[in-house]
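Visitor: Please work out how this folds:
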Amino acid sequence: MDSALGAGELEARVRSVLSDAGFSVGPSPVSTDGGLSVWHDPARGVVVAWDATAGELTRYGIVRTAVRLALNAVLRHAGHHVEEDPNGLELVVTS
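Guide: As a prediction, the model looks like this:
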């Protein structure tokens with residue numbers, strides 16, 4: 001993770017960027033109402049995951065892909081460095 005930004009500041013910026021783009025970002029790491037989960041993982045950076053209702057993630061793979069691409073585009077456009085986890089379920093923002 002970029003040492004120029006503290007973990008809390010990077011997480012706050014990611015939350016702000018995503019909220020400004022119209023995504024539902026709750027105040028806690030656990031998503032609400034199918035929104036985004038955003039939390040700081042000390043080993044990786046700020047983790048962003050979209051949680052549809054349980055079981056719907058596998059049923060609507062195309063929608064999940066579209067949401068992931070949109071999240072990636074919004075974060076990169078804001079100047080963040082984004083990596084995708086190997087399973088394709090989370091994005092990790094490192095700066």
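Visitor: Can you pull the phi and psi angles for Leu18?
Guide: phi -70, psi -40 (degrees, to the nearest 10).
Visitor: And the residue nearest the centre of the chain, its phi and psi?
Guide: With distances taken as Cα atoms, centre = their mean, Val48 lies nearest the centre of the chain, 2.1 Å away. Val48 adopts backbone torsions of phi -120, psi 130, taken as degrees, to the nearest 10.
Visitor: Skipping adjacent residues, who's closest to it in space?
Guide: Leu91 (4.6 Å; Cβ to Cβ, 6 or more residues apart in numbering). In short, each C-beta sits where N, CA and C put it, glycine included.
Visitor: Worst mean pLDDT across the helices and strands of the chain, which element?
Guide: helix 56-59 (a mean of 60; mean pLDDT, DSSP states H and E).
Visitor: Now do the helix or strand following that one: which elements does it pack against?
Guide: Downstream of helix 56-59, the first helix or strand assigned by DSSP states H and E is helix 61-77. The contact analysis (3 or more Cβ pairs under 8 Å, 6 or more residues apart in numbering; DSSP states H and E) places helix 61-77 against helix 7-20, strand 45-50, strand 82-84, strand 91-93.
Visitor: For helix 61-77, buried residues please.
Guide: Using 16 or more other Cβ atoms under 10 Å as the test for burial, helix 61-77 gives 64, 67-68, 71-72, 74-75.
Visitor: if we can go back for a sec, and the residue nearest to Val48, what's its pLDDT?
Guide: pLDDT recorded at Leu91 is 93.
Visitor: Neighbours of it, how many?
Guide: 24 (other Cβ atoms under 10 Å).
Visitor: Quick check: it touching Val82?
Guide: Yes: taking contacts as Cβ atoms under 8 Å, Leu91 lies within contact range of Val82: 5.4 Å.
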